[in-house]
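Peer 1: Predicted model and sequence follow; I will ask about them next.
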Amino acid sequence: MTSEYLESVVKQFEYYRMLGEKTFQQVPEEKLFWQYNEDSNSIATIVKHLWGNMLSRWTDFLTTDGEKDWRDREAEFDNDLVTPQEVLQKWNEGWDCFLATLKSLTPEDLSQTIYIRNQGHTVLEAINRQLAHYPYHVGQIVYIGKMASEGGWSSLSIPRGGSKAFNQDKFSKPKHREHFTDESLGK
């Protein structure tokens, strides 16, 4: 069961990474930096926060506290990324670090205790913590992307008005377990 859990969470995180990337493809470059108001974050700022969190939490994951001395969380919310290339570089660096660590874990690691801000978590709890945190922010990215796309949005799931056709297609096939593939993840 534990190896199945690890495979499942990797697939879930890869799916959310893909949702973010499909959003970037639909948003005009300048809109990556758009903020609804002064109290909100741009897509670029959310990416920068995810990057900082992923590097801090998942670098030397099993051996050091997840809140690294070198992390400057407050600076993650400074809207100082200025090019789409910087945004994508941070996005990829964060996700690559995180997923490489996640894929390196073994079932035996899941019960090991790690620390985040000096608070003990099992590895399983730390993964679940991020399974709530990262999709939350990816959802924000998608929502901002929809607002910023100025009417040219292509749905990342079942488009409005498409539920009936989608369900007819699914129910016309034999029951099966859905496995994410590189194709379904847009790779």
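Peer 2: Everything's here; your move.

Peer 1: what residues are up against the closest residue to residue 152 other than its chain neighbours?
Peer 2: By the measure of Cβ to Cβ, 6 or more residues apart in numbering, the closest residue to residue 152 outside its immediate chain neighbours is residue 26, 7.0 Å from it. Using the backbone N, CA and C atoms, a C-beta is placed for each residue, glycine as well. Under the criterion of Cβ atoms under 8 Å, 6 or more residues apart in numbering, the contact list for residue 26 reads 145, 149, 152-154.

Peer 1: Neighbour-wise, which one of those residues leads?
Peer 2: Among the contacts of residue 26, the one with the most neighbours (other Cβ atoms under 10 Å) is residue 145, at 22 neighbours.

Peer 1: That residue - nearest residue in space that isn't next to it in sequence?
Peer 2: Spatial nearest neighbour of residue 145, chain neighbours left out: residue 23 (3.9 Å); criterion: Cβ to Cβ, 6+ apart.

Peer 1: my read: the one you found touches residue 142, true?
Peer 2: Yes. Between residue 23 and residue 142 there is a contact under Cβ atoms under 8 Å: 5.1 Å.

Peer 1: Now list whatever residues contact both of the two.
Peer 2: Jointly contacting residue 23 and residue 142 under the rule Cβ under 8 Å, 6+ apart are residue 156.

Peer 1: count of neighbours near residue 37?
Peer 2: Other residues within reach of residue 37, judged by other Cβ under 10 Å, total 5.

Peer 1: follow-up on the earlier one: helix or strand for the residue nearest to residue 145, which one?
Peer 2: Counting by DSSP states H and E, the element that carries residue 23 is helix 2-26.

Peer 1: all strands in the protein, in order from the N-terminus.
Peer 2: All strands of the chain, identified by DSSP state E, fall at 113-116, 119-122.

Peer 1: coming back round to it: so for the helix holding residue 23, what gets flagged as buried?
Peer 2: Across helix 2-26, burial judged by 16 or more other Cβ atoms under 10 Å covers 6, 9-10, 13-14, 16-24, 26.

Peer 1: go on, stretch 100-111?
Peer 2: Burial within stretch 100-111, assessed by neighbour count using 16+ other Cβ under 10 Å, is assigned to 101-102, 105, 109-110.

Peer 1: out of the strands of the chain, deepest packed?
Peer 2: Looking across the strands of the chain with neighbours counted as mean count of other Cβ atoms under 10 Å, the highest average goes to strand 113-116: a mean of 15.
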